[in-house]
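A.B. asks: give me coordinates for this.
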Amino acid sequence: MRAKAPAHRIPGKAQRAGRVLALCEALLSERGEVSGARLASYALSAYRSLDPAARELFLTRLATEFTPDADQVRRAAARFAAEASPANLVTLQAVVESPRQELFRRANQAPGGTAALIDLRRQVLGTLPGHPERAGIDADLLHLLRSWFNRGFLNLQRIDWRTPAVVLERLIQYEAVHQINGWRDLHRRLEGDRRCYAFFHPSLPDEPLIFIEVALTRGMPARVQPLIDPDSPIGDAQRADCAIFYSITNCQEGLRGVSFGSFLIKQVVDDLGRELPGLKTFATMSPVPGFRRWLSDQPANLRYSKKLQALLATFTSTTPPEAEAIPGTLREEITGLCVEYLLRARRHGAALDPVARFHLSNGACLQRLNWMADSSPAGLTRSLGMMANYVYRAGDVERNHEAYARNGTVTVSRSFARSVPSRPRSRART
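C.D. replies: Take a look at the predicted model:
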């Protein structure tokens, strides 16, 4: 057995982090592509080997030591202020760019470099609340990732039962809206009356970036459980008149803030329309994930019935009540409050609910609210079982998007509008 090294020979966290930083410095100073790729591999390997304490120190030093030279920035800014010439602008842009960006570009030369940088950002995002000084690392990575993962580099693929198992396993692992309970459950979601599409990037061929699940139905469903029931009968896709997007999952936390969803929906609508010309309606079956928390967080601002107050008091973070515990007598009150939440709850002028914000900003119309549409524990915890249908109509998408982007206007269907006596900042569409 190999003898344990004496304690004084075990490098401390500062020394371990320092070795990775020295490799980063060498990588920045390297000119040759071949040697640069080799150094990038060494640096990434050394970073992955860091224990949590040494990694924390590395991130702290990365945030403080690989920053623009303040004196150079001041001088370049003064020259540009005195003479706003193209040459002075180019100089200013060069000196304000963080050396970290060039470091990350060079690190991306290594095999697996893109995945490593995505994971680095995931780790940085998790530490930002306690380390706001690391926001610069996050900004540099996000800037590069938005360029590397723009729509021109993405490949849309339909996922079916013939897709490689490694990708299918990822779907089970990543599904964030309606849990996939094993292979049998997944198989049903890939049958003839279902579709699944995902965006991939050439650097991550087996890693879906985002995927969308679609049910092909007759009529717009009011409940999600039949769409995800592995024992549900298989319908005829050729007779379907509705494509229901019932789950959209972003797979890579490190790509948060890199927009894929709007491109995905638009391309899937186009592809489905060509494949199945009988489809007339493209709609979502969407959760309302912030609704129950919003209700619980501001009881002083809204008048709830005693029954609703008692119901909200039964929730814990992990154990919602059973669906049967939400009486139908509360249907009108809960539905009205959900309307209030979707139309009026705002943060920085945008819809507070993240799913509503996503679809409204993409030009969808709020078509309908559905009582007890998701009776699963997750659905009850998120939204007391409420779900919304957002409809995408090709002729209205751009107009709806502009109205929401400019004025925060929520476009609603006429049937939805009739159910809302007073509708601030909303407009009706057929």
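
A.B. asks: what comes up buried for stretch 72-84?
C.D. replies: For stretch 72-84, burial by neighbour count (16 or more other CB atoms under 10 Å) applies to Ala76, Arg79, Phe80. (Glycine included, C-beta is placed from N, CA and C.)

A.B. asks: pull the CA atoms of that stretch into PDB?
C.D. replies: Extracted in PDB, the C-alpha atoms of stretch 72-84 (Å, rounded to 0.1, in the frame of the first residue of the first chain):
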ATOM      1  CA  GLN A  72      -6.100  52.000 -19.700                       C
ATOM      2  CA  VAL A  73      -9.900  52.300 -19.700                       C
ATOM      3  CA  ARG A  74      -9.800  55.800 -18.200                       C
ATOM      4  CA  ARG A  75      -7.300  56.900 -20.800                       C
ATOM      5  CA  ALA A  76      -9.100  55.300 -23.700                       C
ATOM      6  CA  ALA A  77     -12.400  56.800 -22.500                       C
ATOM      7  CA  ALA A  78     -10.900  60.300 -22.200                       C
ATOM      8  CA  ARG A  79      -9.500  60.000 -25.800                       C
ATOM      9  CA  PHE A  80     -12.900  58.900 -27.100                       C
ATOM     10  CA  ALA A  81     -14.700  61.700 -25.200                       C
ATOM     11  CA  ALA A  82     -12.300  64.200 -26.700                       C
ATOM     12  CA  GLU A  83     -12.600  62.800 -30.300                       C
ATOM     13  CA  ALA A  84     -15.300  60.200 -31.000                       C
END
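
A.B. asks: my read: Arg256 touches Ile210, true?
C.D. replies: No. If you go by CB atoms under 8 Å, Arg256 and Ile210 don't touch, sitting 11.4 Å apart.

A.B. asks: can you give me the helices in the stretch 251-400 of the chain?
C.D. replies: Chain-ordered helices for the stretch 251-400 of the chain, with DSSP state H, counting those that start in this stretch as the definition, fall at 261-275, 291-297, 306-313, 331-344, 354-361, 377-383, 397-407.

A.B. asks: the more surrounded of Arg256 and Ile210?
C.D. replies: Set Arg256 next to Ile210 and count neighbours by other CB atoms under 10 Å: Ile210 wins out with 22 against 13.

A.B. asks: could you check how far the nearest residue in space to the more buried one that is not next to it in sequence is from Thr284?
C.D. replies: Spatially, and ignoring its direct neighbours in sequence, Ile210 is nearest to Phe260 (4.4 Å; CB to CB, 6 or more residues apart in numbering). Distance, Phe260 to Thr284, by CB to CB, to the nearest Å: 16 Å.

A.B. asks: hmm, back to that, intersection of neighbour lists for Arg256 and Ile210?
C.D. replies: Taking CB atoms under 8 Å, 6 or more residues apart in numbering as the criterion, Arg256 and Ile210 both touch Asn250.

A.B. asks: burial check on Leu216, number of neighbours?
C.D. replies: For Leu216, using other CB under 10 Å, the count is 24.

A.B. asks: phi and psi next, for it.
C.D. replies: For Leu216, the backbone dihedrals (degrees, to the nearest 10) come out as phi -100, psi 120.

A.B. asks: wait, isn't it in contact with Leu227?
C.D. replies: No. Between Leu216 and Leu227 there is no contact under CB under 8 Å: 10.2 Å.

A.B. asks: need the overlap of contacts for the two.
C.D. replies: Counting by CB under 8 Å, 6+ apart, the contacts common to Leu216 and Leu227 are Ile244.

A.B. asks: SS state for Phe199?
C.D. replies: Look at Phe199: counting by DSSP: H, G, I helix; E, B strand; the rest coil, its state is strand.

A.B. asks: and it, how many residues sit next to it?
C.D. replies: The burial count assigned to Phe199 is 22, neighbours taken as other CB under 10 Å.

A.B. asks: how far away is it from Ile210?
C.D. replies: From Phe199 to Ile210 the distance is 5 Å (CB to CB).

A.B. asks: same check, this time on Gln238
C.D. replies: Distance of Gln238 to Ile210, given as CB to CB: 28 Å.

A.B. asks: what of Ile159?
C.D. replies: Applying CB to CB to Ile159 and Ile210 gives a distance of 12 Å.

A.B. asks: find residues that contact each of the two.
C.D. replies: Ala198.

A.B. asks: give me the buried positions along the helix or strand hosting Gln15.
C.D. replies: Using DSSP states H and E, Gln15 sits within helix 13-29. Using 16+ other CB under 10 Å as the test for burial, helix 13-29 gives Lys13, Arg16, Ala17, Gly18, Arg19, Val20, Leu21, Leu23, Cys24, Leu27, Leu28.

A.B. asks: that'll do, ta.
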